[in-house]
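**Student:** pasting the sequence and the predicted coordinates here, then a few questions.
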Amino acid sequence: MENIIEEILTSCLKTNEEFITENRSKIASLAEKIASAFLRDRKLLICGNGGSAADAQHMAAEFVNRFQLERPPLPALALTTDTSVITSIGNDYSFEYVFSKQVKALGVEGDILLAISTSGNSKNVVSAVETAHKQGLYTAGLLGSNGGKLSGMVDMALIVRSNVTARVQEAHILAEHMICHLVDYILFQKHLGSE
């Protein structure tokens, strides 16, 4: 079993390093866009399914509560948390629209939608991005494999080049934590000249 642990660790580290190396400037750029949106009283909407839904909630919590820095709450919203909204849309229409109807109801021009999908092909996430564009939101995708359909739809695609869902999700959470750290730095530390 220790050999299996070592193999997983090696694979995880390799995937993370390759992803961050390829997407370093995009991660910084996305953090700047999110910080700029917050400064303009706009918000971050986040969506995804399964483990990506958990990531959406995790990231929203880091902004609304705090990440590492003591600072005011920041407006981020996971579209994965309201079971009454999700189940009513799923029941009355289709699961495909559980995020897009929320984007239509809550999204305003200047907001940002972060779409998380390990396959890049989740129908409800695709629908959310389509609606976000119509509403004037900037869209970014944390994706896996070859990026799927979403890679050509979002304004900024950050793709983990792996077909192993666990490795993709591990790289996504690393990027999400980096973005949280950078947004805090931009908004609350940069002017102080501290890292």
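**Tutor:** Ah, there it is. Numbers count the residues shown, from 1 in each chain.

**Student:** phi first, then psi, for the residue nearest to residue 93 when sequence neighbours are not counted.
**Tutor:** Distances taken as Cβ to Cβ, 6 or more residues apart in numbering place residue 101 nearest to residue 93, at 7.4 Å, with adjacent residues excluded. Every residue, glycine included, has its C-beta placed from N, CA and C. Torsion angles at residue 101 (phi, psi; degrees, to the nearest 10) stand at phi -70, psi -30.

**Student:** buried residues, stretch 52-70. List them.
**Tutor:** Residues 52, 53, 54, 55, 56, 57, 59, 60, 62, 63, 67 are the ones in stretch 52-70 that count as buried (16 or more other Cβ atoms under 10 Å).

**Student:** could you list which of the residues you listed belong to strands?
**Tutor:** Residues of the buried residues of stretch 52-70 located in strands (DSSP state E): none.

**Student:** residues contacting the residue most central in space within the chain?
**Tutor:** Central residue of the chain (Cα atoms, centre = their mean): residue 114, 4.1 Å from the mean position. If you count contacts by Cβ atoms under 8 Å, 6 or more residues apart in numbering, residue 114 has them with 44, 45, 46, 47, 56, 59, 139, 140, 141, 142.

**Student:** was I right about the fifth one contacting residue 116?
**Tutor:** Which is residue 56. Yes. Using Cβ atoms under 8 Å, residue 56 is in contact with residue 116, at 6.0 Å.

**Student:** one step back: tell me the one among the buried residues of stretch 52-70 nearest to residue 75.
**Tutor:** Closest to residue 75 out of these is residue 63 (7.4 Å), distances taken as Cβ to Cβ.

**Student:** residues near the spatially closest residue to residue 161 that is not a sequence neighbour, how many?
**Tutor:** Nearest non-adjacent residue to residue 161, counting by Cβ to Cβ, 6+ apart: residue 18, 6.6 Å away. Neighbour count for residue 18, taken as other Cβ atoms under 10 Å: 14.

**Student:** which helix or strand contains residue 18?
**Tutor:** helix 2-39 (DSSP states H and E).
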